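Asker: Need coordinates for the below:
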Amino acid sequence: MSPSDYDDFAEAYSSDNDANLMNAHYERPAMLRLAGDVAGRRILDAGCGSGPLTLELRARGAEVAGFDASAEMIRLARGRLGDNADLRVADLAERLPYEDDAFDDAVCSLALHYLEEWEPPLRELRRVLRPGGRLLVSVEHPFVHKLVTPEIDYFSTAPWPLEHELRGRPIVLNVWHRPLHAMVRDFTASGFHVAGVDEPPVAPDTPAELLPEGLGGRTRFLGFLFFELVAVEGAGDGRGAAGGARRAPDARGDGPSGRSPAPT
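Answerer: Purely as a prediction, here's the structure:
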């Protein structure tokens with residue numbers, strides 16, 4: 001599956017993202033809470049999909065730019081945000097089409113886990129952030145893979161195909177399992193300080209019928225892992241580098257999880 005394959009089911013993919021538990025009531029509200037007061041800040045939405053998070057950030061007063069590998073997703077994002085929005089077709093695994101120090105913050109929702117190698121894209125994100133800028137990242141929680149597939153080697157970086165269904169059409173999202181220590185290693189090697197790690201609850205207004213059975217009134221489950229990273233001045237920004245990273249063919253972000261949350 002290549003980024004252009006998303007063009008075949010982009011509208012169904014976007015509609016699912018707008019309403020499902022894992023994106024609309026869990027990941028996106030958590031990312032907005034981490035972002036905090038964004039009024040007047042320049043923010044890059046890396047792997048923006050059809051732009052739901054981009055729109056929310058703009059509504060909160062941010063000046064937002066976004067990119068995605070799928071041209072059809074960017075078309076849908078333009079329909080959501082307007083023709084004057086700064087939206088571009090670009091690949092997280094390649095050099096980004098932005099100047100150095102162009103943004104105060106960046107968000108990367110459910111995109112990095114499509115990549116086998118993280119350092120090159122992280123260095124690019126560091127390059128386009130000003131020193132002290134924040135990168136907010138969400139990825140598949142690595143403990144989930146071990147819980148649902150006990151036989152795997154947790155400490156290896158390895159393919160993790162996730163089956164999903166959109167309007168009756170089966171698709172497979174080819175993400176990569178990555179142990180927690182490898183994530184932190186790549187963050188710090190790429191010029192970031194890890195300022196926070198979060199395993200958030202669902203949004204307070206989540207419809208009860210969307211919650212998985214067996215939670216017993218709890219609002220947290222193992223789903224995604226969130227990081228707040230801070231760009232260290234003069235470290236790992238990759239200025240002048242060509243960029244590039246090996247990725248699964250469908251390396252793009254803001255997508256459905258392809259599974260139910262793991263009970264704890």
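
Asker: how about the longest strand along the chain: buried residues?
Answerer: Secondary structure of the chain read by DSSP state E shows that its longest strand is strand 129-140. Within strand 129-140, the residues scored as buried using 16 or more other Cβ atoms under 10 Å are 129, 133-140. In this view, the C-beta of every residue, glycine as well, is placed from N, C-alpha and C.

Asker: Please apply the same query to stretch 51-62.
Answerer: Buried residues in stretch 51-62, counted by 16+ other Cβ under 10 Å: 51-58, 60, 62.

Asker: Same check on stretch 198-212?
Answerer: For stretch 198-212, a neighbour-count test (16+ other Cβ under 10 Å) marks 198, 200, 202-203, 206, 211 as buried.

Asker: And stretch 91-98, by the same measure?
Answerer: So for stretch 91-98, counting by 16+ other Cβ under 10 Å, buried means 91-96, 98.

Asker: Which of the buried residues of stretch 198-212 fall within strands?
Answerer: Reading strands off those with DSSP E, I get D198.

Asker: Pull the distance from stretch 80-93 to the chain's centre.
Answerer: The chain centroid and the centroid of stretch 80-93 are separated by 15 Å, computed with Cα atoms, centre = their mean, to the nearest Å.

Asker: Revised request: answer the last question for stretch 91-102.
Answerer: Put simply, stretch 91-102 sits 16 Å off its chain's centre (Cα atoms, centre = their mean).

Asker: Using CSV, write out every CA atom in it.
Answerer: In CSV, the C-alpha atoms belonging to stretch 91-102 read as follows (Å, rounded to 0.1, in the frame of the first residue of the first chain):
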residue,chain,number,x,y,z
ASP,A,91,6.3,12.8,3.0
LEU,A,92,7.4,12.5,6.6
ALA,A,93,10.2,10.2,5.5
GLU,A,94,11.7,12.9,3.2
ARG,A,95,13.1,16.4,3.6
LEU,A,96,10.3,18.7,4.6
PRO,A,97,9.4,21.8,2.4
TYR,A,98,9.8,24.3,5.2
GLU,A,99,12.6,26.7,6.3
ASP,A,100,14.7,26.3,9.5
ASP,A,101,13.1,27.5,12.7
ALA,A,102,9.8,28.0,10.9
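
Asker: Which parts of the chain are strands?
Answerer: With strands called from DSSP E, the chain shows them at 42-46, 63-68, 86-89, 103-109, 129-140, 158-166, 169-177, 192-198, 224-231.

Asker: related to what we said a few turns ago, for the buried residues of strand 129-140, work out which two are farthest apart.
Answerer: Farthest pair in the buried residues of strand 129-140 (Cβ to Cβ) is G133 and E140. Separation: 24.6 Å.

Asker: Okay, and the beta partners of A65?
Answerer: With DSSP bridges applied, A65 shows beta-bridge pairing to L44, D86.

Asker: Could you measure from it over to E124?
Answerer: Going from A65 to E124 by Cβ to Cβ, to the nearest Å gives 14 Å.

Asker: now D37
Answerer: For D37, the distance to E124 equals 26 Å [Cβ to Cβ].

Asker: So for the two, which residue has more residues nearby?
Answerer: Higher neighbour count among D37 and E124: E124, with 25 against 9, using other Cβ atoms under 10 Å.
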